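Asker: Could you look at this predicted model? Sequence included:
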Amino acid sequence: MKQFQVLSLWLVSASAISAIALPTITEEVPLLDTVLHDVGAILNETRRPLSPTDPSTYWYETITHNGISPFIPNGTDWPVFRNVKTMFGAKGDGVTDDSDALQNAINAGNSFARRNTDSLGTTGQPAVVYLPKGVYVLAKPIQFFVGMILMGDPIDPPTIKAPSGFSGDFMIYAKDPHQGSTTNFYVGMKNVIIDSTDYDKDKKLTLVDWSVSQACQLANVRFNMPYESTGHTGIAMPEGGSALIMEDLYFRGGVVGISVDNQQYHFKSMTFDGCRTGISVRHMFMGHCQGCKFTLCGIGVDTSSPRDGVESLGTFIITDSSADNTGALVNTAATNGSYGSIVLENVQVDAATVSSTVTAGGNIVLKGSVKGGEAWVLGNAYSNGLVEDVFQKGTTFPTRRSPSLVDGTGSFYRLPPPTYQRYGVEQVVNVKEVPGFLVAGDGRSDDTASLQAIIDSYAGSKILFFPYGIYLLTDTLVFPPGSRVFGEAWSTISATGSKFINAGTPVPMVRVGKPGDVGVAQFSDMLFTVEDILTGCTLLEVNMAGENPGDVGFWNTHFRVGGAADSQTQEKCGPGVTTDPAQCKAAFMLAHFTASSSAYVDNMWGWTADHDLDGGGNPLTNPQYISVGRGVLIESTKPSWFIGFSSEHNTLYEVNINKAENVFIGFQQSETPYWQGGNSTARAPDPWGPVALLDSDPDFSWCSRGASNDEKEDIHCRMSIYQRISGAKDLSLYAGGFWTFFNGNEACAAGADCQADAVRIENNSSGVHYFGIGVNHVANLVVRDGEPLVTSARNKGGWYANTAAYLVDA
């Protein structure tokens with residue numbers, strides 16, 4: 001997220017939430033060994049392999065919904081699931097105005113407060129507003145809030161339709177008005193059609209205001225607008241944001257498909273059909289359009305008129321995409337430096353029906369396709385023998401992709417988020433409804449033994465549905481091959497207890513398979529966290545590989561450490577208790593993808609909290625002084641994909657690609673801890689050093705401590721590495737956005753370097769193809785074997801500095 005400005009008012013809601021204590025676990029539960037001994041007795045049923053049955057009704061619509069919100073007043077009667085027809089009277093008949101019914105479903109609360117009162121913080125009010133099939137007429141806009149997902153029936157997606165008499169500028173305001181755009185987390189919309197074809201095509205109307213940030217999901221949505229419109233826009237972001245990804249979207253008609261005003265974005269699997277402009281970039285520092293199709297458009301992507309000038313643009317990348325019957329695929333402003341860069345790789349253009357592939361400053365600079373195995377670069381590019389005069393006016397470079405990462409067309413695999421719509425409700429198990437195995441999800445009871453029994457029993461034969469709740473674990477939860485997990489508005493798994501306190505022998509909270517396992521393990525709409533300061537806890541360890549891409553996968557699944565009422569770290573790591581991160585080493589690592597793993601990761605935010613989401617302006621909990629040792633460690637040698645990916649505010653590194661092979665990162669957004677750097681006494685590897693605990697840990701020995709070098713240079717060097725590449729090979733990396741905002745919780749001065757290095761490549765890494773690296777307040781974009789090769793001083797542009805390509809180690 002962008003720098004957080006503490007609210008001036010400590011909301012009354014903070015008192016209401018903090019008054020609910022986090023008690024110790026007191027409920028008696030069966031011993032794990034005893035439960036596992038009786039696993040075979042669950043329902044005494046025969047396990048049948050999970051095979052599609054293609055039901056007519058979506059399983060989520062009819063399964064038992066018994067989620068609770070444990071850390072708000074009267075949380076057991078909080079309505080998580082809201083069916084707009086059966087519970088709120090929506091008709092969905094294409095005639096009746098359903099706007100009030102939908103808004104009432106969104107606003108619904110419990111006996112303490114309604115959702116729209118903003119009186120219960122931000123993380124404890126989960127809601128899935130469910131739309132069965134039908135046509136829902138909106139005569140006026142509807143308003144979303146954080147913590148909610150608008151979900152349609154994926155078997156027969158419902159339509160939300162604006163009539164000719166619609167009143168308003170937007171059909172849907174997805175941004176919660178109580179939060180700034182860069183703190184609009186946990187908002188979702190999927191499996192719906194939004195239709196404005198009955199509204200005057202030349203009047204201004206935007207279908208969705210999507211001014212949101214991380215941990216938001218916009219997937220499997222179709223935007224139907226009139227052809228030849230001069231007024232309709234599919235998505236706009238008038239208040240900005242700091243988002244990760246939108247995916248599997250279809251835009252028909254309209255003057256603009258997406259009007260982008262955001263820090264960064266990964267656009268995956270998008271179709272623009274008959275839009276005057278598919279994507280209009282008003283403001284963005286890093287973007288990647290992967291698997292985008294432009295047909296019958298005037299312009300595919302327009303970056304020619306950003307609101308802050310072309311110098312503020314970073315790199316826009318288009319890969320594995322196509323264009324036909326379109327005026328220009330890309331229209332951009334003229335550039336002669338490191339800003340406003342364009343990269344095309346494996347882009348198929350029908351030269352007979354597309355007049356220009358790239359137009360820059362009014363001149364056609366590229367016609368025709370950029371074939372597989374090649375990348376076309378407008379901007380600064382560093383390659384073997386090319387580290388001085390690096391500006392490219394439009395140069396084609398050879399590229400290579402690991403064969404294991406691509407499909408039969410040479411494109412990187414792209415998979416939609418699972419819905420399991422081909423399975424009936426009888427093939428899904430609610431983990432809170434298994435007879436004889438109590439699962440509470442109340443953030444107080446130990447759910448470890450019962451959950452492990454259920455997981456082991458149903459692996460390969462059932463999909464496991466986790467209703468919203470906080471599922472507390474006192475030991476590692478192991479998911480074997482055959483596991484499929486579906487959450488609800490980010491159902492939460494949380495670690496607690498003595499098992500996780502020893503950093504010398506770290507223990508995973510969730511383990512996916514054991515080394516050598518091959519099979520299926522999929523997770524959707526989940527959240528991993530810690531209930532207390534757990535220095536020896538690795539939140540996720542992935543060992544399993546799949547037979548096919550996506551067999552082992554994570555979609556819309558995130559990490560949060562601190563900053564919320566469901567964890568004691570909220571208070572223990574705030575100024576009311578400490579301002580020393582060494583006293584709040586809350587977790588060992590967020591995620592470890594081991595050498596035997598192969599995983600597909602799509603929309604994952606690893607957030608170590610810098611502020612308290614539930615405390616309003618409480619000075620006792622804001623800011624948060626949390627030190628998580630490591631972000632995401634990738635050591636997989638089998639193919640792995642990371643799409644719409646973010647890791648923020650961890651101590652030693654955000655992402656460490658160590659001895660890994662065959663890795664695709666389509667997008668990575670990261671920030672360093674706000675307490676690191678100048679004005680701070682904590683210097684990496686402290687408080688986790690000075691002796692490294694893992695062989696993969698950086699020791700920061702290249703910094704100048706103990707030498708006569710400048711003190712500021714040393715402290716700026718000893719900060720979290722955004723991306724460390726060590727002894728790795730065959731990497732395809734794209735769209736790195738690495739943003740430093742603070743030193744010692746004080747904002748960096750304009751134009752100042754506040755951190756030394758962003759990407760460090762070492763130990764004979766090879767086959768590294770990197771397109772799009774942007775930084776804010778960082779001196780060196782790329783350091784190779786100790787030598788700064790790409791510096792901000794020579795690459796000014798974008799937010800602070802930007803380069804289009806780094807191919808030195810290709």
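Answerer: Here it is on my side, so go on.

Asker: Quantify the burial of the nearest residue to M225 once chain neighbours are set aside by counting its neighbouring residues.
Answerer: Leaving out its chain neighbours, the residue that sits closest to M225 by CB to CB, 6 or more residues apart in numbering is G254, at 3.5 Å. Glycine gets a C-beta too; all of them are placed from N, C-alpha and C. Per other CB atoms under 10 Å, the neighbour tally for G254 reads 32.

Asker: close enough to count as contact, G254 and F272?
Answerer: No: contact criterion CB atoms under 8 Å: G254 and F272 do not qualify, at 9.1 Å.

Asker: Please, where are all the strands along the stretch 151-300 of the chain?
Answerer: Under the criterion DSSP state E, counting those that start in this stretch, the stretch 151-300 of the chain carries strands at the ranges 159-161, 170-173, 187-195, 205-209, 217-224, 232-236, 245-252, 256-261, 264-273, 277-283, 286-295, 299-303.

Asker: can you tell which of these is closest to A591?
Answerer: Closest of the strands of the stretch 151-300 of the chain to A591 is strand 245-252, at 17.5 Å (criterion: CB to CB).

Asker: residues making contact with the closest one?
Answerer: 210, 218-225, 227, 234-235, 257-258, 265-275, 278, 416-417, 602-603, 643-644, 667 (CB atoms under 8 Å, 6 or more residues apart in numbering).

Asker: Parallel or antiparallel, which strands does it pair with?
Answerer: Strand 245-252 has the following sheet partners, assigned by DSSP bridges: strand 217-224 (parallel), strand 264-273 (parallel).

Asker: Out of the ones you listed, indicate the one that is most buried.
Answerer: Highest mean neighbour count of the strands paired with strand 245-252: strand 264-273, a mean of 25 (counted as mean count of other CB atoms under 10 Å).

Asker: one step back: reformat the strands of the stretch 151-300 of the chain into JSON lines and put mean pLDDT next to each item.
Answerer: As requested, these are exported to JSON lines (pLDDT from 0 to 100):
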{"stretch": "strand 159-161", "mean pLDDT": "99"}
{"stretch": "strand 170-173", "mean pLDDT": "98"}
{"stretch": "strand 187-195", "mean pLDDT": "98"}
{"stretch": "strand 205-209", "mean pLDDT": "98"}
{"stretch": "strand 217-224", "mean pLDDT": "98"}
{"stretch": "strand 232-236", "mean pLDDT": "98"}
{"stretch": "strand 245-252", "mean pLDDT": "98"}
{"stretch": "strand 256-261", "mean pLDDT": "98"}
{"stretch": "strand 264-273", "mean pLDDT": "98"}
{"stretch": "strand 277-283", "mean pLDDT": "98"}
{"stretch": "strand 286-295", "mean pLDDT": "98"}
{"stretch": "strand 299-303", "mean pLDDT": "98"}
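
Asker: gap between the helix ranked longest in the chain and the chain center?
Answerer: Assignment by DSSP state H gives helix 448-458 as the longest helix of the chain. On the basis of CA atoms, centre = their mean, to the nearest Å, helix 448-458 is displaced by 28 Å from the centre of the chain it belongs to.

Asker: what's the model's confidence in it, averaged?
Answerer: For helix 448-458, the mean per-residue pLDDT is 98.

Asker: Let me know the next secondary structure element after it.
Answerer: strand 463-465 (DSSP states H and E).

Asker: same for that next one, what does it pack against?
Answerer: Strand 463-465 sits against strand 428-430, helix 448-458, strand 483-495, with contacts defined as 3 or more CB pairs under 8 Å, 6 or more residues apart in numbering; DSSP states H and E.

Asker: Of these, flag the one that's most buried.
Answerer: Highest mean neighbour count among the helices and strands packed on strand 463-465 (mean count of other CB under 10 Å): strand 483-495, with a mean of 24.

Asker: any idea of the pLDDT on the closest residue to A333 other than its chain neighbours?
Answerer: Counting by CB to CB, 6+ apart, A333 lies nearest to V310, which is 4.2 Å off, once chain neighbours are set aside. We have a pLDDT of 91 for V310.

Asker: what's the spacing between V310 and P238?
Answerer: From V310 across to P238, the span is 21 Å (CB to CB, to the nearest Å).

Asker: for E713, same thing?
Answerer: Taking CB to CB as the measure, E713 falls 41 Å from P238.

Asker: can you check Y468 too?
Answerer: From Y468 to P238 the distance is 30 Å (CB to CB).

Asker: For these two, indicate the residue with more neighbours.
Answerer: Legend: neighbour count by other CB under 10 Å for Y468 and P238, higher for Y468 (26 against 16).

Asker: tell me the secondary structure for that one?
Answerer: Under DSSP: H, G, I helix; E, B strand; the rest coil, Y468 falls in the coil class.

Asker: Now it. Nearest residue, chain neighbours left out?
Answerer: G67 (3.4 Å).

Asker: And the strands in the stretch 1-150 of the chain, which stretches?
Answerer: Per DSSP E, counting those that start in this stretch, the stretch 1-150 of the chain carries strands over the ranges 81-83, 93-97, 127-131, 135-137, 142-143, 148-152.

Asker: Mean pLDDT, mean neighbour count and distance to A449 added to those, as CSV?
Answerer: Formatted as CSV, the strands of the stretch 1-150 of the chain follow (pLDDT from 0 to 100; neighbours: other CB atoms under 10 Å; distance: least, CB to CB, whole Å):
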stretch, mean pLDDT, mean neighbour count, distance to A449
strand 81-83, 98, 21, 27
strand 93-97, 98, 13, 48
strand 127-131, 98, 25, 28
strand 135-137, 99, 22, 43
strand 142-143, 98, 21, 42
strand 148-152, 98, 25, 30
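
Asker: can you redo these as JSON lines with distance to V358?
Answerer: Shown next, in JSON lines, are the strands of the stretch 1-150 of the chain (distance: least, CB to CB, whole Å):
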{"stretch": "strand 81-83", "distance to V358": "47"}
{"stretch": "strand 93-97", "distance to V358": "43"}
{"stretch": "strand 127-131", "distance to V358": "40"}
{"stretch": "strand 135-137", "distance to V358": "41"}
{"stretch": "strand 142-143", "distance to V358": "39"}
{"stretch": "strand 148-152", "distance to V358": "37"}
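
Asker: And those: which comes nearest N110?
Answerer: N110 lies closest, by CB to CB, to one member of the strands of the stretch 1-150 of the chain: strand 127-131, at 11.3 Å.

Asker: Strand 187-195 and the closest one, what's the angle between them?
Answerer: 20 degrees (axes from the mean of the first three to the mean of the last three CA atoms, to 10 degrees).

Asker: Can you name the residues in contact with strand 127-131?
Answerer: When contacts are defined by CB under 8 Å, 6+ apart, strand 127-131 is touched by residues 60-61, 79-85, 90, 92, 102, 105-106, 108, 115, 145, 147-153, 158, 160, 192, 488-489.

Asker: Repeat that for stretch 742-759.
Answerer: Applying CB under 8 Å, 6+ apart, the external contacts of stretch 742-759 come out as 3, 623, 672, 674-680, 703, 713, 716-717, 719, 721-725, 736, 738, 740-741, 770, 773, 775, 777-783, 788, 792, 806.

Asker: Tabulate the CA atom coordinates of that stretch in PDB.
Answerer: Extracted in PDB, the C-alpha atoms of stretch 742-759 (Å, rounded to 0.1, in the frame of the first residue of the first chain):
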ATOM      1  CA  PHE A 742       9.900   5.600   4.800                       C
ATOM      2  CA  ASN A 743      13.100   5.600   6.900                       C
ATOM      3  CA  GLY A 744      12.500   5.100  10.600                       C
ATOM      4  CA  ASN A 745       8.700   5.800  10.000                       C
ATOM      5  CA  GLU A 746       9.600   9.200   8.600                       C
ATOM      6  CA  ALA A 747       8.700   9.900   5.000                       C
ATOM      7  CA  CYS A 748      11.500  10.000   2.500                       C
ATOM      8  CA  ALA A 749      12.400  13.500   1.200                       C
ATOM      9  CA  ALA A 750      11.500  14.200  -2.500                       C
ATOM     10  CA  GLY A 751      14.300  13.100  -4.800                       C
ATOM     11  CA  ALA A 752      16.300  11.300  -2.000                       C
ATOM     12  CA  ASP A 753      17.700   7.800  -2.000                       C
ATOM     13  CA  CYS A 754      16.300   6.100   1.100                       C
ATOM     14  CA  GLN A 755      17.500   2.600   0.300                       C
ATOM     15  CA  ALA A 756      20.500   1.200  -1.500                       C
ATOM     16  CA  ASP A 757      19.400  -1.900  -3.500                       C
ATOM     17  CA  ALA A 758      16.300  -3.300  -5.000                       C
ATOM     18  CA  VAL A 759      17.300  -6.500  -6.900                       C
END
